[in-house]
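[1] sequence below, structure please.
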Amino acid sequence: MEVSIRKMGNSQGVLIPKPILAQVGLEGKADLQVRDGVIEIRPLHRDPREGWAEGARRVAASGDEALVWPEFGNEADGDLVW
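    Got it, this is the predicted structure:
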């Protein structure tokens, strides 16, 4: 597909059609690099647990870390040896 390079402020850019963005999963932010003279734009692959530590600290600080479901035992729990 041939595209035009357009002036955008003090920079230049290329408009990427929405179907192409959807095809490669690009939205919001992307990783942009030049390798062997080729411009590469790739989706960012974030750690799926990103932000979990901050969330756990926030819950602990709020004091709202009680069990959502009260604990309940099974009929034979008294027979268990730990």
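[2] now residue 34. Its backbone dihedrals?
    Main-chain torsions, residue 34, degrees, to the nearest 10: phi -120, psi 120.
[3] can you pull the contacts of it?
    When the contact criterion is CB atoms under 8 Å, 6 or more residues apart in numbering, the partners of residue 34 are residue 40. The way it works is simple: take the backbone N, C-alpha and C, and place the C-beta from them, glycine included.
[4] that one bridge partners, please.
    Per DSSP bridges, the residues bridged to residue 34 are residue 39.
[5] how near is residue 80 to residue 73?
    Taking CB to CB, to the nearest Å as the criterion, residue 80 is separated from residue 73 by 10 Å.
[6] longest helix in this structure, please.
    Secondary structure of the chain per DSSP state H: the longest helix is helix 52-62.
[7] what's that one in contact with?
    Residues from elsewhere that reach helix 52-62 (CB under 8 Å, 6+ apart): residue 65.
[8] do stretch 3-18 as well
    26, 41.
[9] ok, and residue 41, which helix or strand is that part of?
    strand 38-43 (DSSP states H and E).
[10] tell me which residues in that strand are buried?
    When burial is assessed from 16 or more other CB atoms under 10 Å, strand 38-43 yields no buried residues.
[11] determine the set of other helices and strands touching that strand.
    strand 30-35 (3 or more CB pairs under 8 Å, 6 or more residues apart in numbering; DSSP states H and E).
[12] distance from the strand it packs on to the middle of the chain?
    18 Å (CA atoms, centre = their mean, to the nearest Å).
[13] check stretch 47-60 too.
    That offset, for stretch 47-60, works out to 13 Å (CA atoms, centre = their mean).
[14] next: stretch 18-38.
    Its chain's average C-alpha position is 16 Å from that of stretch 18-38, according to CA atoms, centre = their mean.
[15] show me what contacts the residue sitting nearest the centre point of the chain?
    Taking CA atoms, centre = their mean, the centroid of the chain lies closest to residue 46, which sits 4.7 Å from it. Residue 46 sits next to no residue when contact means CB under 8 Å, 6+ apart.
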